[in-house]
Every structure is written in structure tokens, then in C-alpha cells.
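Participant: whatever this is, show me its structure:
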Amino acid sequence: MAAPFTSSVPKFYIRFVQAGTTNSLTFYDTVNSGYSAYGTLSNFKGIIKITDPDGIIIRQNSGWSTTAPNFGSPDTNGNTPTWTVSGITLPSAVKEGTYTFEYIASIDPTGDPLRTNFVHVTRTFTYQDALPDITIDFTISCRTSEITVTDSTDYDLSISGVSYPASITRTLTLYKPPLAGCNNPGSTSASSMTFGGGGTALTDLWTGNWDATVSTVASYTMATWGTTTPLVYITATLTGADDVDVTCDDCACDLQLCIQNLINDWKDSIGANLKRENELRTKVIKVLAAWTNYEQAERCGDTEDMTSYCEEIKQIVATEDCDCPTSTDAAPVRVIAWGSGGGGSTPSTFVFTISGVNPTGGNSGDVHLNNSTWNIWKNNGGTWTNYGSIQGAAGAAGADGENQSILDHDYADHACAAAAGVQTLYTYSMPANTVTTAGDSLIVTMLFQLASNANGKTLYLTFGGTDLLSYFTDSLVNTSNNTVRLQAWITRTGSATQDIEVYALRNGVPSNKHAITTGVKNFAGIIVITARCETATSTASDITLKEFKAEYQKMIVSP
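Facilitator: Presented below is the predicted three-dimensional model:
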């Protein structure tokens, strides 16, 4: 005998999905198949009504009635089965206040949509906009040539004295200045990232504007049925960005050569010109005292005093025909860690002069470019030697180059139709002999968007009739996991052989589809590359190809 079907039986949860300007609600019946204990599961039907804090109905089934509900077009259905209603639109600024969620359900065996045996469940939730703002902090160490970026956001919520811990998935990304000669730091899921201090141009800090971004999906369980079953979740995509202007070169780099020249001039005057020796000694003492103060201020993070001492040093060395760059628009320069010597105890430098003057002072091995005459000078044991100009005569105009990078790029939407079997979404026929040299590569990228449901979906990246990569999912899709990127790197190893690497990303997260294989396609003929799809339920637009790109990468042979 079936258990009594009362108003205490149906349970559901609500998820507030917040993603910037795109916000929505999802309703999910948490009992679903468990209704079989109260009758025939295929006879279960349910309809919903949701009212916002202003009394505006934001979702109501067409058959809604608290006295005579019509289950002809139910929101939930044990026969299908269908237990989720997603994409219930909310405004870009989610209203604060009390939301009311109503659910009328029936498991009456009659086929008449106007059922008399039903239950009516009502729950409320008071929403407060307490989501945190992203906070990004930077720490710059000119001493060690390092930059540290930290996501210091407190993601946990505190509402009316109640703490709601956050479950987060974070992506923290740091970007170098556009013209800096170092590596791009990239991204991490950790709260902090440190870059620099590697001792080479590629691995050290450079001056200029560094940007950081944080994108975090934070989830909260806000209310429950009793003590265990969740009633309300909040899932929010929180983003933030900040930047910092690294100006270590004002003293630690720009002044280095000036101070060295001053000290060398003083050393040269010892025993040769007593008046000049005493004059320069006084300046050297003042510079070294100011430098010591600058170093202590830098170590303690006292930016205001650092600037003051730096200006003091500039004024002293300027009296010895050593002008220091002051433009904040100067190209980025590498920050050498203090005491590292750039790889040796006596650092060499490559100096581009601002005015057209020939070099003086410096260290043996230094190289100097006079940008007035374009002559290259080198310091050989303390003597500067002119090696001639690097500026040649004007050359003849060259022919227009050929774009060898992008072979095909399509970004129109191509949706999978409501049909059974595998369908072709997009085709590119690569001309014969496009990839001509061993070591050259073809890069194929396909970006798909999945509809918000749990239907089975399969995506294919096909090369010359062979499926290099396929990706299947039948998990519930929402706005935080609705994109899939398939990519293949195909490197020519012979006229009809290839090394192939493939991988899939789900909303930027690598899947277990990474693989390295070999291919036997003949590049001397046309090779057809296709993006394909297949849906388990033959539902239209379950899969949409958003972008297709085929790129050709020429191997660069070192001289």
C-alpha cells in the first residue's frame, strides 16, 4: 500500500544564479524518483509559482489554481521524467526582500488534468544582496625583482548575524606590461601568485603597468528544510580587476649607471686632481647616504620617502652631466634583483642614450648605443671602442606579405538540428600542400555552447574523416559549465605522417580527454576538417558551434 501523499512530502530547492547582468532562478524537485513510494511515479505532476518581494509574479504555470489546478502542462513530470525548471529570469540587479515559492503537486492516478487529489507547498526566503566585492592586493619587491598578486576577498557571507561559508572555484590571472620582455605569469586557482626573481630577462620583474583579474564562482547554502535538506542555494560569478604601476627603475635601474659614473670619475681623480677629488668625494658621500636611506625606505614599503630620496639622488648626479629619465611613458625595463649583478658580480648594461652623446665610465663588457649617430660602442677593459653604425641605407620597398597564420575563422552560430544521428555543423577543406615542412603545425579550435538541460550531448573534432576528439556529457548544464572547447595540434612529421595532441576544456577546466596520437593523412591532397554533433534526445539547439578556427604555424629555424 502506498504511503499517504501529504503536503510534507514534496520538497524542492531554489538556486539563485548570479552572473553579472545575467541572473536567473532554477527550481529543482529534490524528491523526484522517491515519489514512487506514494503512487505510480509516471502519474506525478507538479506546477510552480514564484513571487518576488514586490509581489510581482516572475513564474507561474498556466494551470495554476489553489482550488482547481490544471496539470495539463506541468512543470515537473514523473512520466518524462522532468524535475528541473531553469532559466527563470531575474533582473540585472536582483531585488532584495522576501521571495515566495509555491508548489502544487499530485500523484493522483487519474488521467484527467483537473485533479482533485493534490497538495500545496509554500516556502519563503528573504534575499539580501551581501555578495562580496573582489579585493586584489599587490606586493612589489624591487630588491628581489618580484611581484605578488593576492585575491584577499572574504568570500564568506554574514547576514543578520548568521555566517554562510562559501565554496569557491577561483581563477586568478596576472598579465605583464604589453611591451615587457618577460613571460606572462598566467593563471592559478590559488589565492596568491608570485612572479619574478628568476635571474633572467624572461623570469624577472619588469617595470610598467601589471594587470590582474579574478573570476570566482562562489556557492552558498542559504536555507534548509528543517536541519538537513537544502532549500535555497546562491551561485554567483564574482569578477574583479586591478592594476599596479611598477616603477622600480626610477632609482634601482635608471640611476645605477649615473651613480657608477660618478664613483668612477671620483676614483679617476684620486691623486691626479686634489680639488676635483674633494669635490667628487663630497657628492659620492651624499649619493651613498641618500641611497642607503632609499634602500631602507624600499625595504619598509615607505613609498613617499623612496620618492624623496630618489629625487635627491637625481639632483646630485645631474650636476655631473648625468640626466635620469623621468617619463612614466618610458618602455618597460627589467628590474635586476639587488646583489644579483644580472648574472655576475659586476653587471653589464645595454644603454640607449636619450641624447646623442658618446659613452663614459661603465664596466668592461658594457655595450652602448648612441641614438644620434647609431654607433655601437663597447667597453673593453675601461676603454670605449666604436664598432660603427648599425644604421644602413634605406632599402627597397618589400612586397605585401601573405597571411600564413589564420587559414579559416568562422564565428557564426551553427546549431545542431532536431534530428537523430551525427550531424555536421561546419566544414573547412584545407587546400593541398598547405602544411609543407616537417615541424610545421596546424591548430584546429572549436568552441561549443550547450543548452541548459541534462540531455546527452556529443561533440566531435574530425580531421580527414577521422574523429581526433569526441566529448560526451549528460550532466545538468548551467551558465557556469555550458561551454566546451575542443582543440587539436597537428604537427607534420612527414608527407603523410603527423604527431597529434588533442584536449578538451569545459568552461576553461581541462577534462580527461587529453591525448597524444599519430596521424597518416596525406598533406599533398585536400583534407576536410569538420565540427560535428549528436544529441541523445534529438532536441534542436542542444549544441551550438560558436566558433571555428584553423591556424597554420610555421616552424622557425634558428640561424
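Participant: so F448 sits in a strand?
Facilitator: Yes: counting by DSSP: H, G, I helix; E, B strand; the rest coil, F448 falls inside a strand.
Participant: and the closest residue to it other than its chain neighbours, backbone torsions?
Facilitator: Spatially, and ignoring its direct neighbours in sequence, F448 is nearest to V484 (4.7 Å; CB to CB, 6 or more residues apart in numbering). The way it works is simple: take the backbone N, C-alpha and C, and place the C-beta from them, glycine included. The phi and psi torsions at V484 (degrees, to the nearest 10) take the values phi -130, psi 130.
Participant: so what's V484 up against?
Facilitator: 447-448, 450, 459, 471, 473, 504-506 (CB atoms under 8 Å, 6 or more residues apart in numbering).
Participant: swap in T173?
Facilitator: 185-187, 212-214.
Participant: and it, what are its bridge partners?
Facilitator: S187, T213 (DSSP bridges).
Participant: cool, T100 as well?
Facilitator: As assigned using DSSP bridges, the partners bridged with T100 are T51, T124.
Participant: that one: neighbouring residues, count only.
Facilitator: T100 has 15 neighbours, counted by other CB atoms under 10 Å.
Participant: same deal with I263?
Facilitator: 16.
Participant: check contacts around it.
Facilitator: Residues in contact with I263 (CB under 8 Å, 6+ apart) are V284.
Participant: which SSE is A290 in?
Facilitator: helix 274-300 (DSSP states H and E).
Participant: excluding residues flanking it in the chain, which one is nearest T436?
Facilitator: F523 (7.3 Å).
Participant: right, and S189 touches D151 too?
Facilitator: No: checked against CB atoms under 8 Å, the pair S189 and D151 is beyond contact range at 10.3 Å.
Participant: shared neighbours of those two, anything?
Facilitator: Common neighbours of S189 and D151 (CB under 8 Å, 6+ apart) are 170, 172.
Participant: mind checking how far the residue nearest to the spatial centre of the chain is from G208?
Facilitator: By CA atoms, centre = their mean, the chain has its centre lying nearest to T173, at 5.5 Å. Taken as CB to CB, to the nearest Å, the spacing of T173 relative to G208 amounts to 17 Å.
Participant: which helix or strand in this structure has the lowest average pLDDT?
Facilitator: Lowest on mean pLDDT, DSSP states H and E among the helices and strands of the chain sits strand 350-352, with a mean of 49.
Participant: quick check: next helix or strand after it?
Facilitator: Toward the C-terminus from strand 350-352 - assigned by DSSP H and E - lies strand 367-370.
Participant: so the residue nearest to T126 when sequence neighbours are not counted is in which element?
Facilitator: Nearest non-adjacent residue to T126, counting by CB to CB, 6+ apart: T98, 4.7 Å away. Assigned by DSSP H and E, T98 belongs to strand 97-106.
Participant: give me the contacts around that strand.
Facilitator: 9-10, 12, 14, 27, 29, 43-54, 64, 66, 69, 71, 76, 115, 117-127.
Participant: quick check: mean pLDDT of stretch 474-490?
Facilitator: On average, the pLDDT along stretch 474-490 is 92.
Participant: list the buried ones in that stretch?
Facilitator: For stretch 474-490, burial by neighbour count (16 or more other CB atoms under 10 Å) applies to 477-479, 481, 483-490.
Participant: can you redo these as CSV with distance to L425?
Facilitator: Output for the buried residues of stretch 474-490, formatted as CSV (distance: CB to CB, whole Å):
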residue, distance to L425
V477, 18
N478, 23
T479, 22
N481, 20
T483, 15
V484, 13
R485, 15
L486, 12
Q487, 16
A488, 16
W489, 21
I490, 20
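Participant: what is the nearest of these to T235?
Facilitator: Closest approach to T235 among those (CB to CB): N478, at 7.9 Å.
Participant: I figured the closest one hits A454, correct?
Facilitator: No: using CB under 8 Å, N478 is not in contact with A454, being 10.3 Å away.
Participant: and the furthest pair within the contacts of V484?
Facilitator: L447 and T473, at 15.2 Å, using CB to CB across the contacts of V484.
Participant: ok so I259 is a helix residue?
Facilitator: Yes: counting by three-state DSSP, one finds I259 located in a helix.
Participant: confidence score at it?
Facilitator: So I259 comes in at 75 (pLDDT).
Participant: quick one: it and K283 touch, right?
Facilitator: No: if you go by CB under 8 Å, I259 and K283 don't touch, sitting 10.2 Å apart.
Participant: for stretch 515-528, give the mean pLDDT please.
Facilitator: Per-residue scores along stretch 515-528 average to 92.
Participant: let me fix that, I meant to ask about stretch 497-506.
Facilitator: Per-residue scores along stretch 497-506 average to 93.
Participant: name the residues that touch that stretch?
Facilitator: With CB under 8 Å, 6+ apart as the criterion, stretch 497-506 contacts 461, 463, 468-469, 471, 473, 481, 483-493, 510-511, 513-521.
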